[in-house]
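Q: Show me the folded form of this:
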Amino acid sequence: MLRDTKGNRLYRRIDIKIIFPPDVLPVKKISQRAEAHKGFGPSGIDDILMQVTDQLDTLYPWWQFEMVPLAPSGRTTSFVFKFVGYRLGTSVASMSPEAQLQTVPIDAIDRAVEAKVKELAEANNV
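A: Down below sits the predicted model:
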C-alpha cells in the first residue's frame with residue numbers, strides 16, 4: 001500500500017462520474033492516474049474535487065449537483081456528482097442572451113482536472 005511521509009494512504013487512480021439531468025447530456029466519466037511511485041493523498045483528492053465542483057458551478061450555474069463518495073477499491077477511489085435539481089432563482093430565462101447562446105464544451109472539466117493533476121504530481125514527490 002502506497003503511503004506518504006505523514007502516513008496517509010495514497011491512491012493511484014481517481015474515478016469521477018458526473019450524472020447530468022436525464023435526456024440532456026450523457027454521463028461523463030473522468031479518470032486520473034498518478035505517475036509511477038506516486039499517488040493522490042487527501043489534499044490532492046480535495047483539490048481535484050474542488051476543481052470539478054468549481055467547473056460544474058461555472059459551466060452549469062442553474063443545476064445543483066451532489067457529491068457522493070464511493071468506497072475505495074484497491075488503489076482506486078471513486079466519486080459521483082449527480083444532478084439533484086435546479087437551483088432556486090437561476091433559470092435559463094433569467095440569464096443574459098449571450099450566456100444562453102454560448103455552448104460549453106464538456107472537455108473543459110477534463111482539462112481543468114488534468115492541469116490540477118500535473119500540478120499535484122510536481123508538488124508531491126513521494
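Q: next structured bit after the lowest-mean-pLDDT helix or strand in the chain?
A: Within the chain, confidence by mean pLDDT, DSSP states H and E is lowest for helix 97-101 among all helices and strands, at a mean of 44. Going down the chain from helix 97-101, the next helix or strand is helix 107-123, by DSSP states H and E.
Q: Report the separation between the closest residue to residue 6 other than its chain neighbours and residue 56.
A: Excluding the flanking residues, the one nearest residue 6 by CB to CB, 6 or more residues apart in numbering is residue 41, at 8.0 Å. (Each C-beta comes from the backbone N, C-alpha and C, glycine too.) Applying CB to CB, to the nearest Å, the value for residue 41 to residue 56 is 23 Å.
Q: more neighbours, the two?
A: residue 41 (22 against 19; other CB atoms under 10 Å).
Q: Tell me who's in contact with that one.
A: Contacts for residue 41 (CB atoms under 8 Å, 6 or more residues apart in numbering) come out as 4, 6, 8, 9, 10, 124.
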